[in-house]
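> got a sequence here, can you build the structure:
(one chain, ligands or ions: 1)
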Amino acid sequence: VSKVLEIGIVGCGAIGNSLAEAVSKDFLREAKVSALYDLDYARSANLSRRLSGNTHLAVHNLETLINKSDLVIECASAKSSWEIAQKVIACGRDIMIMSTGGVTSHLKELSVQAAKRKSKVYIPSGAIAGIDAVKAASIGKIKKVILTTRKNPLAFEGVKYVKDRNLNLAKIRKDKILFSGFAIQAVKYFPQNINVASVLSLAGIGPRKTLVQIIACPKVKRNIHEIRVESEAGTIITRTENVLHPKNPKTSFLAVLSAIATLKQILASVEIGT
Ligand SMILES: NC(=O)c1ccc[n+]([C@@H]2O[C@H](COP(=O)([O-])OP(=O)(O)OC[C@H]3O[C@@H](n4cnc5c(N)ncnc54)[C@H](O)[C@@H]3O)[C@@H](O)[C@H]2O)c1
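The predicted structure follows:
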């Protein structure tokens, strides 16, 4: 009998909870949750109780979690994802990174360190469609990548870049371009948009060449991401209208499903898609 994949989850918020439940329900034979870690212990303890009836899965530090896991899933924060990835890789474990924004400028080091330790690093597509085709197109020449994100003005509440410009979000009646520039700046000014711009940059032509436009759109309720890629292989256009996660309106439901699908791919014998 082959060993089940032991999964440690770092960050027990909206994504961590949904993932842990999916592992215990949908991958019962192939995988199990081996440890849970959150800076807020109550969160990991609560999740552990829900999964197992007691708190034994909740651990008090990252090192213990890594020791108990074959695969670590990071769904904590962009501030910590690079540090978490380095520690996991140093121990020769595999990692799935959800806070993609935190590793965007470290892709080279990530590959070097992972190769040295024979670790695998998984970065799911998250909340956008088209990463499969962007990856394929990048084998040839890509001339241009543009990401256009549309969100309800209220979704930008609390964003410093918007506050600094004294925009009254509640009063926006027509579509208003809040930002137009390269991904490298977009992820700095719009941390809530960080993961989509990051994964697109990593799959394509990098954060210094990927263009991003962010539009406050009073008519929309969902977070809408459009990608336009002009490449040697042709033009690729995708549009994703995301339903928001019921427990965290900053997170798209598709991002959670994308992580579960990545896990399914890790466990499967047949890989579908690029
Ligand atoms: N790749 C994507 O498309 C995508 C989409 C949505 C969200 N995300 C990212 O995934 C992450 C989780 O999202 P969420 O909606 O579950 O957020 P959340 O706020 O609901 O949960 C995050 C949890 O992580 C914990 N945490 C933060 N820093 C930690 C650390 N260093 N160590 C341990 N625990 C820590 C917090 O206490 C919290 O419980 C965020 O960084 C978010 O930006 C990625």
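
> find the nearest non-adjacent residue to the residue in the stretch 51-200 of the chain positioned nearest to the ligand, please.
With Cβ to the nearest ligand atom as the measure, G126 is the residue of the stretch 51-200 of the chain nearest to the ligand, at 2.1 Å. All C-beta spots, glycine's among them, are computed from the backbone N, C-alpha and C. Nearest non-adjacent residue to G126, counting by Cβ to Cβ, 6 or more residues apart in numbering: A255, 4.6 Å away.

> could you say what helices and strands the helix or strand of the chain with the lowest mean pLDDT packs with?
Taking mean pLDDT, DSSP states H and E as the measure, the chain has strand 248-252 as its least confident helix or strand, at a mean of 84. Packing contacts for strand 248-252, counted by 3 or more Cβ pairs under 8 Å, 6 or more residues apart in numbering; DSSP states H and E, involve helix 14-26, strand 244-245.

> out of those, which gets nearest to A114?
With Cβ to Cβ as the criterion, A114 lies closest to helix 14-26 of the helices and strands packed on strand 248-252, at 21.2 Å.

> does the following helix or strand past the closest one reach the ligand?
For helix 14-26, the following helix or strand on the C-terminal side (DSSP states H and E) is strand 31-37. Yes - Strand 31-37 reaches the ligand (Cβ under 6 Å from any ligand atom) through Y37.

> and strand 31-37, C-alpha only, in PDB?
Written as PDB, here are the backbone C-alpha positions of strand 31-37 (Å, rounded to 0.1, in the frame of the first residue of the first chain):
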ATOM      1  CA  ALA A  31      -3.900  12.400   1.200                       C
ATOM      2  CA  LYS A  32      -4.500  13.600   4.700                       C
ATOM      3  CA  VAL A  33      -4.100  16.900   6.600                       C
ATOM      4  CA  SER A  34      -1.100  16.200   8.900                       C
ATOM      5  CA  ALA A  35      -0.700  19.600  10.600                       C
ATOM      6  CA  LEU A  36      -2.200  23.100  10.700                       C
ATOM      7  CA  TYR A  37      -0.400  26.300  11.600                       C
END
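
> and it, how far from the chain's centre?
Computed by Cα atoms, centre = their mean, to the nearest Å, the separation of strand 31-37 from the middle of its chain amounts to 19 Å.

> worst mean pLDDT among the helices and strands packed on strand 248-252?
Mean pLDDT is lowest for strand 244-245 among those, at a mean of 88.

> from the contact counts, what lies against that strand?
Secondary-structure packing of strand 244-245 (3+ Cβ pairs under 8 Å, 6+ apart): helix 14-26, strand 248-252, helix 253-267.

> distance to A133 and mean neighbour count added to these, as JSON lines?
As requested, the helices and strands packed on strand 244-245 are exported to JSON lines (distance: least, Cβ to Cβ, whole Å; neighbours: other Cβ atoms under 10 Å):
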{"stretch": "helix 14-26", "distance to A133": "25", "mean neighbour count": "20"}
{"stretch": "strand 248-252", "distance to A133": "19", "mean neighbour count": "17"}
{"stretch": "helix 253-267", "distance to A133": "15", "mean neighbour count": "19"}
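
> now the ones you listed in TSV, with distance to K221?
Shown next, in TSV, are the helices and strands packed on strand 244-245 (distance: least, Cβ to Cβ, whole Å):
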stretch	distance to K221
helix 14-26	18
strand 248-252	10
helix 253-267	13
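
> for A137, find the nearest of those.
Distance to A137, taken as Cβ to Cβ, is lowest for helix 253-267 among the helices and strands packed on strand 244-245, at 19.6 Å.

> what angle separates the closest one from strand 248-252?
Helix 253-267 runs at 50 degrees relative to strand 248-252, counting by axes from the mean of the first three to the mean of the last three Cα atoms, to 10 degrees.

> just the CA atoms of helix 253-267, as PDB, please.
Extracted C-alpha coordinates of helix 253-267, given in PDB (Å, rounded to 0.1, in the frame of the first residue of the first chain):
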ATOM      1  CA  PHE A 253     -13.800  31.300  -5.000                       C
ATOM      2  CA  LEU A 254     -12.000  30.100  -8.200                       C
ATOM      3  CA  ALA A 255      -8.700  30.600  -6.400                       C
ATOM      4  CA  VAL A 256      -9.600  28.000  -3.800                       C
ATOM      5  CA  LEU A 257     -10.800  25.600  -6.500                       C
ATOM      6  CA  SER A 258      -7.600  26.200  -8.400                       C
ATOM      7  CA  ALA A 259      -5.600  25.000  -5.400                       C
ATOM      8  CA  ILE A 260      -7.800  21.900  -5.100                       C
ATOM      9  CA  ALA A 261      -7.400  21.200  -8.800                       C
ATOM     10  CA  THR A 262      -3.600  21.600  -8.500                       C
ATOM     11  CA  LEU A 263      -3.600  19.100  -5.600                       C
ATOM     12  CA  LYS A 264      -5.700  16.700  -7.700                       C
ATOM     13  CA  GLN A 265      -3.100  17.000 -10.400                       C
ATOM     14  CA  ILE A 266      -0.200  16.300  -8.000                       C
ATOM     15  CA  LEU A 267      -2.000  13.100  -6.900                       C
END
